[in-house]
Each structure stands twice: as structure tokens, then as C-alpha cells.
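Participant: structure for the following, please:
(2 chains)
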Amino acid sequence: GAGVSQSPRYKVAKRGQDVALRCDPISGHVSLFWYQQALGQGPEFLTYFQNEAQLDKSGLPSDRFFAERPEGSVSTLKIQRTQQEDSAVYLCASSHGLAASTDTQYFGPGTRLTVL
Amino acid sequence: AQKVTQAQTEISVVEKEDVTLDCVYETRDTTYYLFWYKQPPSGELVFLIRRNSFDEQNEISGRYSWNFQKSTSSFNFTITASQVVDSAVYFCALSPYNDYKLSFGAGTTVTVRA
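Facilitator: Below is the predicted model of the structure:
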């Protein structure tokens, strides 16, 4: 299909390891978002890209979290020195335009990260 | 800051019953959008409806309907004649006008039994 895809779907990491989560947005979508969803909670905003520019990273919980989208398409969320509190589902979303209020965000299936 | 509250944690119904999901929100913005998303067991959030704060007209789309009341800051969602495939977690969300951030509630798990 032509939806948002994410890989891997599941990732188990030992505490202290680095991980990289990949997102392939819908082709042609300008905006890309990362959200973190803790167990039993709603998604929480992490960061926003407009093409290759990271315009907002206010939701990243610490400097261990880093996201990039170098060519304005695929994005990678990297977590360094993982901690147990990083265990969550990481959701990627993309939208055609620039603002959530007028432009639907389409979500991928998420990557479930478990840190042991 | 935005806040979305979904007081119902879980709802269980028998197939063909109607299900109403409550959503209450807080915002200082005068214009904003409200959303409902569905998250089936597969994990991806599926967009269902969007409503702007300018228009309080309630609508029906197939088996879905919503009741937006600005005076009580509520945006309730109803599934009519529920089906087993409706079993999922449903999230209410809010975004200020021309903003890209979605603020989600904690979700309501709906289980429809055959």
C-alpha cells in the first residue's frame, strides 16, 4: 500500500544501547511527525519536520533523542544510551501540507521499543 | 496549553448496540480543531473525523456521528449499531488552528462482543 511504513515493528534493546527507528512517509508529503505513546496513554508529540528542516523538537524528552530527515523523505529517530523509561511505541505520521488543523495526519503502525 | 480528557477507560458492548465516547477539552485558543482517531490492534492510528470550532453543527457519517458543544467544551462520538470490527482504542485530539501539534486524550478501549 501507499501508507506510512515504519521499521522495525518491534525492537528490544538492552539498557545503554543505541537504537534507530525508521519512518517512510507517504510519497510527496511535506510534513513528518514523530510521537511517543506510552502504554495505556495517548500519543505525545516529539518533533516535526517540514521537508528536511526540523522546525520543532520541543517534545524530545532529552538530548539522547535525535531525529533527522536529510532528503526530505525518510526519517530516522535515534535514541542513544537507551533507558527503561524510553520503552514505548514510537509513531510516525505524515501530512501533505503544513498544519494539522487543515491537513490530516496519516500514521504508521509504530515501532514498539522495549528496553530491558 | 491544550488538555483532552477521556474519562471512560473501557467500554464493552454487545454487537448492534450504540456506543458513545465522551471527550472534554481545555484550550485558551478561540479557534481550534477537534479530531477522533481509531487505533485497532494493528497499531496504526486511523483518522475518523475532524471538526472546527467555528461550526457546532452535528453530523452523521455512516455509522459515526458526533456531538460538538462549545459551551461545555465537549466533543462526543457515537458509533451506531456497533460491529465486532469496531473494537479498538479511540482517541480524541485537539489542535489549535493552523498548528501542527495534536494533543491526544488517553483513549477509550471499546470492545464489541458478538
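Participant: buried set for stretch B:102-114?
Facilitator: Neighbour-count burial for stretch B:102-114 flags B:Leu102, B:Ser103, B:Phe104, B:Gly105, B:Ala106, B:Gly107, B:Thr108, B:Val110, B:Val112 (criterion: 16 or more other C-beta atoms under 10 Å in any protein chain shown). C-beta here means a position set from N, CA and C on the backbone, and glycine is covered the same way.
Participant: now do stretch B:14-30
Facilitator: Neighbour-count burial for stretch B:14-30 [16+ other C-beta under 10 Å]: B:Val19, B:Leu21, B:Asp22, B:Cys23, B:Val24, B:Tyr25, B:Thr27.
Participant: need those residues in JSON lines (columns: pLDDT and distance to chain A).
Facilitator: Converted to JSON lines, those look like this (pLDDT from 0 to 100; distance: C-beta to the nearest C-beta, whole Å):
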{"residue": "B:Val19", "pLDDT": "97", "distance to chain A": "19"}
{"residue": "B:Leu21", "pLDDT": "97", "distance to chain A": "13"}
{"residue": "B:Asp22", "pLDDT": "97", "distance to chain A": "15"}
{"residue": "B:Cys23", "pLDDT": "97", "distance to chain A": "11"}
{"residue": "B:Val24", "pLDDT": "97", "distance to chain A": "14"}
{"residue": "B:Tyr25", "pLDDT": "97", "distance to chain A": "12"}
{"residue": "B:Thr27", "pLDDT": "94", "distance to chain A": "12"}
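Participant: would you mind listing what in chain A touches chain B?
Facilitator: Proximity of chain A to chain B (C-beta under 8 Å from any C-beta of the partner chain) is limited to residues A:3-4, A:31, A:33, A:35, A:40-45, A:48, A:56, A:89, A:91, A:93, A:95, A:98-102, A:104-110, A:112.
Participant: go with 7 Å
Facilitator: The interface of chain A toward chain B, taken as C-beta under 7 Å from any C-beta of the partner chain, is made up of A:31, A:41-43, A:45, A:48, A:89, A:91, A:99-101, A:104-110.
Participant: circling back to that earlier point, quickly check the buried residues of stretch B:102-114 for the two that are furthest apart.
Facilitator: Farthest apart among those by C-beta to C-beta are B:Ser103 and B:Val112. That separation is 27.3 Å.
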